[in-house]
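>>> need coordinates for the below:
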Amino acid sequence: MTGAFPIAPRPGVLEIEPYKGGESTLEGRDDVIKLSSNEGALGPSPQAVAAIKAATANAGRYPDGHCTALRAAIGARFGLDPARIVCGAGSDEILGLLARAYAGEGDEVLYSAHGFAMYPICAQAVGAKPVKVPETDLTADVDALIARAGNRTRLLYIANPNNPTGTYLDKDALRCLRAGLPEGVVLVIDAAYAEFVTEADYEAGAALVDETANTIMTRTFSKIFGLGNLRLGWAYGPPHMIDVLNRLRMPFNVSGIAQAAGIAALADTGHMEIAIAHNSRERARLAAGLAAAGVVVPAGVGNFVLARLPEGADQAQAADAYLRGRGIIVRRMGGYGLPDSLRITVGLGPEMDAVIAAMSDFMAEQGVGNG
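Next up, the predicted model:
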């Protein structure tokens, strides 16, 4: 290296804490049960796998930069106008583009206290101030969010359902939130886990997008569709916001392989129905098994449960270590302001058996539960 010192990035960049994904490996083990990243338990549709293999024949060609066929398939599957859909390299990319488009130096970006860790990162990346708003009973507090929104607020990210708490706002609460915000605040409804929700009072957000001018809904193929490795997400919004995002995104941001897989996954409704039924059944079984062991499990609607250890952070750390000793990787939640908690993805039946057994043994050793 030559010169007196390396060039520095703009102010604030080095203050960003890089996002840390769920771990995948344990040293010395090749039989790991990975339940740390909320991946779809059943994996991708066989039709999507076949489409991936077929699409590799065109790997030497650039993909359709407009995702025309994929947007049409999304529109047909969810009853939406394809012209109001934009696709991205995971919904994460779109969340970042929204911050680039609508926030900057001196602005504020709001999110609920236990919201997705990418929200403050998106804000800091454009020089805006991330503002964490307290929740009530692990649920986004509509009144608190409205009260905190001010003249400098440009964006509000709301995960619905929320990761990692698993809680959600019903459709009436979501409408109250939008109605209470200043018109100039963009409401971003991150509905990554929407397909797992079976409650009748839930709406993913498309209707609210249609009813208001500055609301946008983001979705992903990483969860129910099992395509996390391909990085594929999308958003549905008003025409003026979709136009802005298309101006900012990279020209070929979604690979042709990912587009082909997404189209095939959408067509295989049978696989999706099986995945939803599996998740509802195994989530309930996991929650019940953990509760019987003496773990506090708040009600949730995603493809994971939040396991709260009754004696706090030290016990949560010990439980995590115990599970790792059994070859099970879950996610500690200290970074989300929940140091007493572990987030456990809903996996296959035998994987849930292993988690329940391990946690029951751990809690029994702690003198808790009926394990």
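>>> flag the shaky bits of the protein, pLDDT-wise.
When the per-residue scores of the chain are filtered using pLDDT under 70, the ranges that remain are 1-4, 369-371.
>>> what segments of it are strands?
For the chain, applying DSSP state E gives strands covering 33-34, 85-88, 108-112, 129-133, 153-159, 186-190, 215-220, 233-236, 304-308, 328-329, 331-332, 341-345.
>>> as CSV, these with distance to Gly43 and mean neighbour count would be great.
Yep, even glycine has a C-beta here, placed from its N, CA and C like the rest. Formatted as CSV, the strands of the chain follow (distance: least, Cβ to Cβ, whole Å; neighbours: other Cβ atoms under 10 Å):
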stretch, distance to Gly43, mean neighbour count
strand 33-34, 12, 20
strand 85-88, 21, 25
strand 108-112, 30, 26
strand 129-133, 34, 18
strand 153-159, 24, 25
strand 186-190, 23, 26
strand 215-220, 15, 26
strand 233-236, 18, 26
strand 304-308, 16, 26
strand 328-329, 17, 22
strand 331-332, 19, 22
strand 341-345, 13, 28
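>>> quick one: closest of these to Gln317.
Between Gln317 and those, the shortest gap by Cβ to Cβ is with strand 331-332, which sits at 7.2 Å.
>>> what packs against that closest one?
With contacts defined as 3 or more Cβ pairs under 8 Å, 6 or more residues apart in numbering; DSSP states H and E, strand 331-332 has these neighbours: helix 313-325, strand 341-345.
>>> which of those is buried the deepest?
Mean neighbour count (mean count of other Cβ atoms under 10 Å) peaks for strand 341-345 among these, with a mean of 28.
>>> give me the contacts around that one.
Contacts with strand 341-345, where a contact means Cβ atoms under 8 Å, 6 or more residues apart in numbering, come from 34-39, 41, 163-164, 286, 290, 303-309, 316, 319-320, 323, 330-333, 355.
>>> that older thread, just send the strands of the chain back as a markdown table, with distance to Asp201 too.
Written out in a markdown table, the entries for those read as follows (distance: least, Cβ to Cβ, whole Å):
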| stretch | distance to Asp201 |
| --- | --- |
| strand 33-34 | 33 |
| strand 85-88 | 25 |
| strand 108-112 | 19 |
| strand 129-133 | 23 |
| strand 153-159 | 16 |
| strand 186-190 | 15 |
| strand 215-220 | 17 |
| strand 233-236 | 21 |
| strand 304-308 | 21 |
| strand 328-329 | 34 |
| strand 331-332 | 28 |
| strand 341-345 | 24 |
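>>> looking at those strands, spot the one closest to Met363.
strand 304-308 (10.5 Å).
>>> angle of the closest one against helix 313-325?
Angle, strand 304-308 to helix 313-325, by axes from the mean of the first three to the mean of the last three Cα atoms, to 10 degrees: 130 degrees.
>>> contacts for strand 304-308 next, please.
Defining contact as Cβ under 8 Å, 6+ apart, one finds that strand 304-308 is touched by 38, 138, 163-166, 283, 286-287, 290, 295-298, 300, 316, 319, 330, 333, 338, 340-346, 359.
>>> quick one, helices of the protein?
With helices called from DSSP state H, the chain shows them at 46-55, 68-78, 90-102, 118-125, 142-148, 171-180, 206-211, 239-248, 256-267, 269-292, 313-325, 349-365.
>>> between the ones you listed, which gets nearest to Phe225?
Proximity of the helices of the chain to Phe225 was assessed by Cβ to Cβ; the nearest stretch is helix 256-267, lying at 4.4 Å.
>>> and that closest one, what other elements does it pack with?
When contacts are defined as 3+ Cβ pairs under 8 Å, 6+ apart, helix 256-267 packs onto helix 46-55, helix 68-78.
>>> still on that earlier bit, now the helices of the chain as JSON lines including distance to Tyr62?
Putting the helices of the chain into JSON lines (distance: least, Cβ to Cβ, whole Å) gives the following:
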{"stretch": "helix 46-55", "distance to Tyr62": "13"}
{"stretch": "helix 68-78", "distance to Tyr62": "14"}
{"stretch": "helix 90-102", "distance to Tyr62": "18"}
{"stretch": "helix 118-125", "distance to Tyr62": "27"}
{"stretch": "helix 142-148", "distance to Tyr62": "42"}
{"stretch": "helix 171-180", "distance to Tyr62": "38"}
{"stretch": "helix 206-211", "distance to Tyr62": "30"}
{"stretch": "helix 239-248", "distance to Tyr62": "17"}
{"stretch": "helix 256-267", "distance to Tyr62": "8"}
{"stretch": "helix 269-292", "distance to Tyr62": "29"}
{"stretch": "helix 313-325", "distance to Tyr62": "43"}
{"stretch": "helix 349-365", "distance to Tyr62": "39"}
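>>> can you list contacts of stretch 353-367?
Outside stretch 353-367, the residues within contact range by Cβ under 8 Å, 6+ apart are 33, 35, 285-286, 289-290, 292-295, 307, 311, 315, 318-319, 322-323, 326, 328, 330, 344, 347, 369-371.
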